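>>> After the sequence you'll find the predicted model.
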Amino acid sequence: MSIAQNLLDIKSSLPDNVTLVAVSKTKPVSDLMEAYEAGQRIFGENKIQEMTEKWQQMPKDIEWHMIGHVQSNKVKYMVPYVKLIHGVDSLKLLKEINRQAVRWRKNINCLLQIHIAEEETKFGLDENELDTLLNSDEFKEMNNIKIVGLMGMATFTDNQAQIKREFNHLKKIFDALKNQPTTQNLQPTTLSMGMSGDYQIAIESGSTMVRIGSSIFGSR
Ligand SMILES: *Cc1c(COP(=O)(O)O)cnc(C)c1O
(Lines give C-alpha, C1' and ligand atoms only; values in the text may rest on other atoms or scores of the structure.)
Protein backbone atom coordinates (compact mmCIF):
# COMPACT_ATOMS: atom_id res chain seq x y z
CA MET A 1 0.00 0.00 0.00
CA SER A 2 1.10 3.57 -0.64
CA ILE A 3 2.12 6.09 1.97
CA ALA A 4 -0.86 8.26 1.02
CA GLN A 5 -3.28 5.36 1.46
CA ASN A 6 -1.76 4.32 4.81
CA LEU A 7 -2.07 7.87 6.00
CA LEU A 8 -5.70 8.20 4.95
CA ASP A 9 -6.60 4.88 6.56
CA ILE A 10 -5.01 5.85 9.87
CA LYS A 11 -6.43 9.37 9.83
CA SER A 12 -9.95 8.15 9.21
CA SER A 13 -9.64 5.86 12.22
CA LEU A 14 -8.58 8.62 14.65
CA PRO A 15 -11.09 10.51 16.79
CA ASP A 16 -11.33 14.25 15.99
CA ASN A 17 -9.46 15.29 19.13
CA VAL A 18 -6.40 13.16 18.38
CA THR A 19 -3.51 14.72 16.46
CA LEU A 20 -1.36 12.58 14.19
CA VAL A 21 2.40 13.05 14.16
CA ALA A 22 3.87 11.25 11.14
CA VAL A 23 7.17 9.83 12.38
CA SER A 24 9.50 10.09 9.40
CA LYS A 25 12.89 9.32 10.96
CA THR A 26 15.31 7.52 8.61
CA LYS A 27 12.93 8.01 5.66
CA PRO A 28 13.91 10.02 2.56
CA VAL A 29 12.41 13.42 1.76
CA SER A 30 10.56 11.86 -1.18
CA ASP A 31 8.56 9.72 1.27
CA LEU A 32 7.80 12.73 3.44
CA MET A 33 6.67 14.67 0.37
CA GLU A 34 4.26 11.90 -0.49
CA ALA A 35 2.70 12.28 2.95
CA TYR A 36 2.77 16.08 2.62
CA GLU A 37 0.92 15.90 -0.68
CA ALA A 38 -1.68 13.68 0.97
CA GLY A 39 -2.27 16.49 3.46
CA GLN A 40 0.03 15.66 6.35
CA ARG A 41 1.60 18.74 7.98
CA ILE A 42 3.07 17.40 11.24
CA PHE A 43 6.25 15.34 11.10
CA GLY A 44 8.26 13.80 13.93
CA GLU A 45 11.99 13.19 13.85
CA ASN A 46 14.35 11.90 16.53
CA LYS A 47 17.69 13.37 15.39
CA ILE A 48 18.30 17.08 15.24
CA GLN A 49 20.62 17.01 12.25
CA GLU A 50 18.27 14.88 10.16
CA MET A 51 15.32 17.08 11.10
CA THR A 52 17.25 20.23 10.17
CA GLU A 53 18.21 18.83 6.78
CA LYS A 54 14.61 17.87 6.03
CA TRP A 55 13.31 21.22 7.30
CA GLN A 56 15.62 22.99 4.84
CA GLN A 57 14.40 20.92 1.91
CA MET A 58 10.68 20.85 2.62
CA PRO A 59 7.74 23.31 2.50
CA LYS A 60 7.70 25.79 5.36
CA ASP A 61 4.12 25.18 6.52
CA ILE A 62 5.20 21.94 8.18
CA GLU A 63 5.23 21.58 11.97
CA TRP A 64 8.39 19.77 13.03
CA HIS A 65 8.24 17.79 16.26
CA MET A 66 11.33 16.47 18.02
CA ILE A 67 10.32 13.10 19.45
CA GLY A 68 13.72 11.70 20.38
CA HIS A 69 16.05 12.15 23.27
CA VAL A 70 17.72 15.55 23.05
CA GLN A 71 21.26 16.45 24.03
CA SER A 72 21.54 19.89 25.60
CA ASN A 73 24.45 20.95 23.41
CA LYS A 74 22.39 20.44 20.24
CA VAL A 75 19.26 22.31 21.27
CA LYS A 76 20.45 25.51 19.58
CA TYR A 77 20.25 23.94 16.11
CA MET A 78 16.52 23.25 16.24
CA VAL A 79 15.19 26.17 18.27
CA PRO A 80 14.77 28.38 15.18
CA TYR A 81 12.06 26.16 13.73
CA VAL A 82 10.96 23.33 16.05
CA LYS A 83 7.27 23.44 16.99
CA LEU A 84 7.09 20.93 19.82
CA ILE A 85 9.75 19.00 21.76
CA HIS A 86 8.24 15.75 23.08
CA GLY A 87 11.04 14.20 25.10
CA VAL A 88 12.05 16.73 27.75
CA ASP A 89 13.10 14.77 30.80
CA SER A 90 15.32 17.02 32.90
CA LEU A 91 15.46 20.51 34.34
CA LYS A 92 18.90 20.91 32.79
CA LEU A 93 17.55 20.29 29.30
CA LEU A 94 14.58 22.55 29.88
CA LYS A 95 16.94 25.30 31.04
CA GLU A 96 18.95 25.03 27.86
CA ILE A 97 15.80 25.10 25.70
CA ASN A 98 14.66 28.22 27.56
CA ARG A 99 18.10 29.82 27.22
CA GLN A 100 18.18 29.25 23.47
CA ALA A 101 14.56 30.36 23.12
CA VAL A 102 15.46 33.65 24.84
CA ARG A 103 18.33 34.15 22.41
CA TRP A 104 16.01 33.58 19.46
CA ARG A 105 13.19 35.57 21.08
CA LYS A 106 10.91 32.59 20.73
CA ASN A 107 8.54 30.61 22.87
CA ILE A 108 9.05 26.85 22.62
CA ASN A 109 6.36 24.31 23.43
CA CYS A 110 7.54 21.22 25.31
CA LEU A 111 6.14 17.96 26.61
CA LEU A 112 7.67 16.39 29.69
CA GLN A 113 8.49 12.74 29.15
CA ILE A 114 7.30 10.43 31.89
CA HIS A 115 8.78 7.00 32.49
CA ILE A 116 5.84 4.59 32.43
CA ALA A 117 7.39 1.41 30.99
CA GLU A 118 8.55 -1.41 33.19
CA GLU A 119 11.60 -1.65 30.92
CA GLU A 120 14.58 0.16 32.35
CA THR A 121 15.95 1.45 29.08
CA LYS A 122 13.37 4.15 28.41
CA PHE A 123 14.00 7.75 29.31
CA GLY A 124 11.69 9.85 31.40
CA LEU A 125 10.80 11.38 34.74
CA ASP A 126 8.95 9.61 37.51
CA GLU A 127 6.13 11.35 39.37
CA ASN A 128 8.36 12.70 42.11
CA GLU A 129 10.86 14.11 39.64
CA LEU A 130 7.99 15.72 37.73
CA ASP A 131 6.77 17.37 40.93
CA THR A 132 10.24 18.55 41.88
CA LEU A 133 10.82 20.03 38.44
CA LEU A 134 7.52 21.90 38.30
CA ASN A 135 7.92 23.25 41.83
CA SER A 136 11.48 24.44 41.39
CA ASP A 137 12.20 28.16 41.44
CA GLU A 138 14.23 27.73 38.27
CA PHE A 139 11.23 26.39 36.38
CA LYS A 140 9.01 29.20 37.58
CA GLU A 141 11.43 31.72 36.14
CA MET A 142 11.49 30.24 32.64
CA ASN A 143 9.50 32.58 30.46
CA ASN A 144 10.33 31.30 26.98
CA ILE A 145 9.15 27.72 27.26
CA LYS A 146 5.68 26.36 27.78
CA ILE A 147 4.87 22.88 29.09
CA VAL A 148 1.85 21.90 27.03
CA GLY A 149 1.55 18.34 28.28
CA LEU A 150 3.16 14.95 28.79
CA MET A 151 4.64 12.21 26.64
CA GLY A 152 5.30 8.55 27.36
CA MET A 153 6.18 5.22 25.81
CA ALA A 154 4.79 1.89 26.90
CA THR A 155 6.88 -1.23 27.21
CA PHE A 156 7.59 -2.94 23.89
CA THR A 157 5.54 -6.08 24.46
CA ASP A 158 2.62 -8.11 23.10
CA ASN A 159 0.98 -7.97 26.51
CA GLN A 160 -1.95 -5.65 25.80
CA ALA A 161 -3.02 -5.54 29.44
CA GLN A 162 0.40 -4.29 30.47
CA ILE A 163 0.41 -1.61 27.76
CA LYS A 164 -3.04 -0.50 28.84
CA ARG A 165 -1.95 -0.33 32.47
CA GLU A 166 1.05 1.83 31.58
CA PHE A 167 -0.98 4.22 29.43
CA ASN A 168 -3.67 4.50 32.10
CA HIS A 169 -0.98 5.38 34.61
CA LEU A 170 0.26 8.20 32.38
CA LYS A 171 -3.30 9.44 31.88
CA LYS A 172 -3.72 9.64 35.66
CA ILE A 173 -0.56 11.73 35.98
CA PHE A 174 -1.76 13.94 33.13
CA ASP A 175 -5.17 14.46 34.76
CA ALA A 176 -3.54 15.41 38.05
CA LEU A 177 -1.33 17.89 36.22
CA LYS A 178 -4.35 19.40 34.47
CA ASN A 179 -5.97 19.92 37.85
CA GLN A 180 -3.13 22.14 39.00
CA PRO A 181 -3.54 25.86 38.48
CA THR A 182 -2.13 26.84 35.10
CA THR A 183 0.64 29.39 34.85
CA GLN A 184 2.28 31.19 31.97
CA ASN A 185 4.66 28.28 31.36
CA LEU A 186 2.40 25.39 32.42
CA GLN A 187 -0.70 24.89 30.27
CA PRO A 188 -1.15 21.16 29.78
CA THR A 189 -3.55 20.14 27.01
CA THR A 190 -1.63 17.45 25.14
CA LEU A 191 -1.04 13.82 26.03
CA SER A 192 1.39 12.28 23.53
CA MET A 193 1.19 8.50 23.69
CA GLY A 194 0.78 5.72 21.15
CA MET A 195 2.90 4.43 18.26
CA SER A 196 2.17 2.05 15.36
CA GLY A 197 1.83 -1.01 17.56
CA ASP A 198 -0.18 0.46 20.41
CA TYR A 199 -1.96 3.64 19.34
CA GLN A 200 -5.46 2.15 19.51
CA ILE A 201 -4.88 1.25 23.16
CA ALA A 202 -3.38 4.69 23.78
CA ILE A 203 -6.48 6.37 22.37
CA GLU A 204 -8.74 4.25 24.58
CA SER A 205 -6.64 5.48 27.49
CA GLY A 206 -7.06 9.15 26.58
CA SER A 207 -4.19 10.00 24.22
CA THR A 208 -4.59 13.27 22.31
CA MET A 209 -1.50 12.87 20.12
CA VAL A 210 -0.19 9.70 18.46
CA ARG A 211 3.28 9.31 16.94
CA ILE A 212 3.06 6.84 14.07
CA GLY A 213 5.94 5.85 11.82
CA SER A 214 6.11 2.35 10.38
CA SER A 215 2.36 2.01 9.79
CA ILE A 216 2.58 5.03 7.49
CA PHE A 217 6.02 4.78 5.89
CA GLY A 218 6.76 1.07 6.20
CA SER A 219 9.32 -0.61 8.40
CA ARG A 220 12.68 1.01 9.00
C1 LIG B 1 10.21 5.85 16.25
C2 LIG B 1 9.31 6.43 17.26
C3 LIG B 1 7.91 6.40 17.09
C4 LIG B 1 7.20 5.72 15.94
O5 LIG B 1 7.36 4.34 15.99
P6 LIG B 1 6.56 3.35 15.02
O7 LIG B 1 6.51 2.08 15.77
O8 LIG B 1 7.34 3.28 13.77
O9 LIG B 1 5.21 3.93 14.80
C10 LIG B 1 7.13 7.03 18.05
N11 LIG B 1 7.68 7.64 19.12
C12 LIG B 1 9.01 7.69 19.30
C13 LIG B 1 9.54 8.38 20.50
C14 LIG B 1 9.86 7.08 18.39
O15 LIG B 1 11.19 7.11 18.60
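That came in fine, so what should we check first? Residues are numbered from 1 along each chain as shown.
>>> so what does the helix or strand containing Ile97 touch, helix or strand wise?
Element membership for Ile97 (DSSP states H and E) is helix 91-103. Contact here means 3 or more CB pairs under 8 Å, 6 or more residues apart in numbering; DSSP states H and E; on that basis helix 91-103 packs against helix 75-78, strand 84-88, strand 108-114, helix 137-140, strand 145-152. In this view, the C-beta of every residue, glycine as well, is placed from N, C-alpha and C.
>>> Which of those sits closest to the ligand?
The ligand lies closest to strand 84-88 among the helices and strands packed on helix 91-103, at 6.7 Å (CB to the nearest ligand atom).
>>> Pairing partners for the closest one, with directions?
Sheet pairing for strand 84-88, assigned by DSSP bridges, gives strand 63-66 (parallel), strand 108-114 (parallel).
>>> So Gly185 is in contact with Glu138, correct?
Rather than Gly, residue 185 is Asn. No - Asn185 lies out of contact with Glu138 (CB atoms under 8 Å); the separation is 11.3 Å.
>>> More neighbours: which of those two?
Applying other CB atoms under 10 Å to Asn185 and Glu138 shows that Asn185 carries more neighbours, namely 20 against 12.
>>> Please report how far the more buried one lies from Val148.
According to CB to CB, to the nearest Å, Asn185 stands 10 Å off from Val148.
>>> For the residue minimising distance to the centre of the chain, which residues are in contact?
In the chain, the residue lying closest to the centroid (CA atoms, centre = their mean) is His86, at 3.1 Å. Going by CB atoms under 8 Å, 6 or more residues apart in numbering, His86 touches 44, 65-67, 111, 113, 151, 192, 211.
>>> Quick one: those residues as JSON lines, columns for distance to Met78 and neighbour count too.
Output for the contacts of His86, formatted as JSON lines (distance: CB to CB, whole Å; neighbours: other CB atoms under 10 Å):
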{"residue": "Gly44", "distance to Met78": "13", "neighbour count": "24"}
{"residue": "His65", "distance to Met78": "10", "neighbour count": "27"}
{"residue": "Met66", "distance to Met78": "6", "neighbour count": "25"}
{"residue": "Ile67", "distance to Met78": "12", "neighbour count": "25"}
{"residue": "Leu111", "distance to Met78": "15", "neighbour count": "25"}
{"residue": "Gln113", "distance to Met78": "16", "neighbour count": "26"}
{"residue": "Met151", "distance to Met78": "16", "neighbour count": "26"}
{"residue": "Ser192", "distance to Met78": "17", "neighbour count": "28"}
{"residue": "Arg211", "distance to Met78": "17", "neighbour count": "25"}
